[in-house]
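S.K.: Could you look at this predicted model? Sequence included:
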Amino acid sequence: MTRDALVSRLRLMGMALPAIFVVSVLFGSILNAGFSWYIAYASIGTSTVIGLPIFAFELFYVNSPLGVGFRRWPFARFIIVRFAFWCAWIFIATQLSNHWFGGAEGALFSDGDVWWTIVFSFAVGFSVVLSLTLNRLIGPGVFRNFLLGRYHTPREEERALLFIDLAGSTAIAERIAATRFLELMNEFVHDVGVALEGSGGVIYQYVGDEAIITWRLEENRNISGAVEVVRHLRARVEARGDDYRSRFGLVPSFRAALHAGPVVVGEMGDSKLEIVLLGDTVNTTAQIEQACRELDRDFLASAEALALVTLPPWAKSEEMLPVALKGKSRQVRLFAIRESLPQ
């Protein structure tokens, strides 16, 4: 796990724990028919003993690169094992908390309140894990945006878009057959997710053999992380080269296109609801990705995107001849980004 990914997870934990502490104090006050500083201390202590290991298990194992094998288990087995871990730890931690903070001298379930504590722990834990699971299924922040109605009415935002396209996908699919190609794509997009961690970007959607990643520029107008994502992805695919060769007989390569500008974001659909991005910026990024093939470059960025990037020491940009993109009245300035060769 990279430093940025670790910081991102610690930040998420730091945001969630205070809310859990507040809810725990309220629960303790209701359970004891009144508030006292001892009740607050015992409630926070209990929620820490019960919740912190579970939260750490979910963030740093289940929903991290370490837990990829676990997440790929059949769904029923994945849920049962996860639930068993929860049951075991909540039972043990409740006894420890009852002994340390409840004044029960370690007696097992000597008070009916302990059962309420177990029920409350499951309820809070289930809410947290449900949020994490939905976040993983439909994309980081998307569930929150649905709940808040952020995009119920379409709105214009400034976004950076990174298109990552598997090179030679048609030939590969013909060579290894469709089922194996899907397995290859699944491995590749997993590597994309690992490379993306801590960069501030989120995967917007998969389109065929392409992953589309987006950054909201109102949050941060420095998108240098997008350049690092491409480098980390190349390094990860290269590091896994032997695994790819043994399973698929090849090591995948890819093209990347980076652009920035206004997009319209809004909810779309009824029976299947999703948040979509539309506009010229999306179309232009797709055409820049196509230009990678025509110009024989594996990473192109527009002038608009490059203006938001501080190139790291390992990278250099090379301005290409202005390119006429379909539907554009003027030519577009593009830059090839590559690793600088050591002197």
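M.R.: Nice, thanks for sending it over.

S.K.: low-confidence ranges in the chain?
M.R.: 1-5, 8, 102-112, 132, 135-141, 143, 327-329, 341-343 (pLDDT under 70).

S.K.: hmm, 50 instead?
M.R.: When residues are selected by pLDDT under 50, those of the chain lie in 104-110, 343.

S.K.: ok, which stretches of it are helices?
M.R.: When assigned using DSSP state H, the helices of the chain occupy the ranges 3-31, 37-57, 68-71, 75-100, 112-138, 142-148, 169-176, 178-196, 224-239, 241-248, 280-295, 303-306.

S.K.: Out of the ones you listed, the one nearest V264 is which?
M.R.: When those are compared by C-beta to C-beta, helix 280-295 sits nearest V264, at 9.3 Å. From N, CA and C alone the C-beta is placed, and that goes for glycine too.

S.K.: can you list the helices of the chain in CSV and add distance to L321 and mean neighbour count?
M.R.: Listed next are the helices of the chain as CSV, based on distance: least, C-beta to C-beta, whole Å; neighbours: other C-beta atoms under 10 Å:
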stretch, distance to L321, mean neighbour count
helix 3-31, 35, 15
helix 37-57, 52, 18
helix 68-71, 42, 12
helix 75-100, 51, 15
helix 112-138, 41, 16
helix 142-148, 39, 14
helix 169-176, 27, 14
helix 178-196, 30, 17
helix 224-239, 22, 19
helix 241-248, 34, 13
helix 280-295, 9, 18
helix 303-306, 13, 20
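
S.K.: Make a markdown table out of those helices and add distance to K316.
M.R.: Below are the helices of the chain laid out as a markdown table (distance: least, C-beta to C-beta, whole Å):
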| stretch | distance to K316 |
| --- | --- |
| helix 3-31 | 23 |
| helix 37-57 | 41 |
| helix 68-71 | 33 |
| helix 75-100 | 44 |
| helix 112-138 | 36 |
| helix 142-148 | 36 |
| helix 169-176 | 28 |
| helix 178-196 | 20 |
| helix 224-239 | 11 |
| helix 241-248 | 25 |
| helix 280-295 | 16 |
| helix 303-306 | 12 |
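
S.K.: For G266, find the nearest of these.
M.R.: helix 142-148 (10.5 Å).

S.K.: Contacts made by the closest one with the rest, please.
M.R.: 131, 134-135, 150-151, 267, 273, 275 (C-beta atoms under 8 Å, 6 or more residues apart in numbering).
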